[in-house]
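Engineer: have a look at this prediction, sequence included:
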Amino acid sequence: MEDTLTIRPIFNEYCRQIIDIILPIQQIEFNVPVTLDAQPDLLDIEDFYHKGGGCFLGAFMGEELIGTIALINTGNNAGALRKMFVKKEYRGKELGVAQQLLEVLLQFCRDRQIIDVYLGTVEVLKAAHRFYERNGFVLTDIKDFPPYFPRMMADNRFYHLHLNN
């Protein structure tokens with residue numbers, strides 16, 4: 001069963017593995033100038049995501065963490081999608097890791113009456129833009145985002161999804 005993909009909530013005991021996935025993708029693969037210091041949420045996902053009614057999910061191939069996605073519950077029946085990353089060797093439609101992560105997260109939202117999902121990303125992540133757009137996210141000007149959206153400084157492209165329960 002080593003090659004079985006599962007998605008489940010993850011907590012602080014996975015912080016090191018989460019960092020080991022996310023930072024190399026941001027810094028090395030896509031040359032995004034963001035550091036761990038700028039992402040303190042990665043050091044305490046329980047307080048930052050779970051405690052406020054959000055979630056942090058991990059995709060596992062067997063026992064190996066291969067992908068992440070998170071949601072900050074911002075109140076107002078809304079949430080901010082964060083930390084959507086999949087290890088390079090597990091990307092693509094064949095395994096559908098990103099798609100499954102997103103589907104589980106959106107079901108989490110529906111179950112909690114979160115109907116608006118917002119996200120910020122960076123211009124260089126073209127494949128991510130296509131992925132979000134295929135999944136119904138609409139490119140939106142940051143000026144049209146609610147004031148409670150927790151913007152990351154590196155983000156320069158923004159999307160919104162309205163869920164129909």
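Structural biologist: Cool, the structure landed. Numbers count the residues shown, from 1 in each chain.
Engineer: please report the residue range of the longest strand in the protein.
Structural biologist: strand 64-75 (DSSP state E).
Engineer: distance from the chain centre to the helix or strand harbouring residue 131, please.
Structural biologist: In this structure, residue 131 sits in helix 126-134 according to DSSP states H and E. Centroid separation for helix 126-134 versus its chain: 13 Å, with Cα atoms, centre = their mean, to the nearest Å.
Engineer: ok, now stretch 50-57?
Structural biologist: Distance, centroid of stretch 50-57 to centroid of chain: 12 Å (Cα atoms, centre = their mean).
Engineer: is residue 60 bridged to anything, and to what?
Structural biologist: Applying DSSP bridges to residue 60 yields these beta-bridge partners: residue 6, residue 65.
Engineer: that one and residue 5 touch, don't they?
Structural biologist: Yes - here residue 60 lies in contact with residue 5, judged by Cβ atoms under 8 Å, at a distance of 7.1 Å. Bear in mind the C-beta positions are built from the backbone N, C-alpha and C, glycine included.
Engineer: list the buried residues for stretch 118-133?
Structural biologist: Across stretch 118-133, burial judged by 16 or more other Cβ atoms under 10 Å covers 118, 119, 120, 121, 122, 125, 128, 129, 131, 132.
Engineer: part of a helix, is the first one?
Structural biologist: Okay, so that is residue 118. No - according to DSSP: H, G, I helix; E, B strand; the rest coil, residue 118 belongs to no helix; its state is strand.
Engineer: isn't it up against residue 155?
Structural biologist: No - contact between residue 118 and residue 155 fails when scored by Cβ under 8 Å: they sit 10.6 Å apart.
Engineer: tell me the mean pLDDT for the top helix by length along the chain?
Structural biologist: Of all the segments assigned as helix in the chain under DSSP state H, the longest by residue count is helix 97-111. Here helix 97-111 scores 98 as its mean pLDDT.
Engineer: packing partners for that helix?
Structural biologist: Judged by 3 or more Cβ pairs under 8 Å, 6 or more residues apart in numbering; DSSP states H and E, helix 97-111 is in contact with strand 5-9, strand 55-61, strand 64-75, strand 78-86.
Engineer: export the last one as PDB, just CAs?
Structural biologist: Meaning strand 78-86. The C-alpha atoms that make up strand 78-86 are tabulated as PDB, following Å, rounded to 0.1, in the frame of the first residue of the first chain:
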ATOM      1  CA  ALA A  78     -15.000  33.300   3.900                       C
ATOM      2  CA  GLY A  79     -11.600  31.800   3.900                       C
ATOM      3  CA  ALA A  80      -8.100  32.300   2.400                       C
ATOM      4  CA  LEU A  81      -6.500  29.400   0.600                       C
ATOM      5  CA  ARG A  82      -2.800  29.100   1.400                       C
ATOM      6  CA  LYS A  83       0.100  26.800   1.000                       C
ATOM      7  CA  MET A  84      -0.900  24.900  -2.100                       C
ATOM      8  CA  PHE A  85       2.200  23.000  -3.000                       C
ATOM      9  CA  VAL A  86       3.000  19.600  -4.500                       C
END
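Engineer: before I go, just wanted to say thanks for your time.
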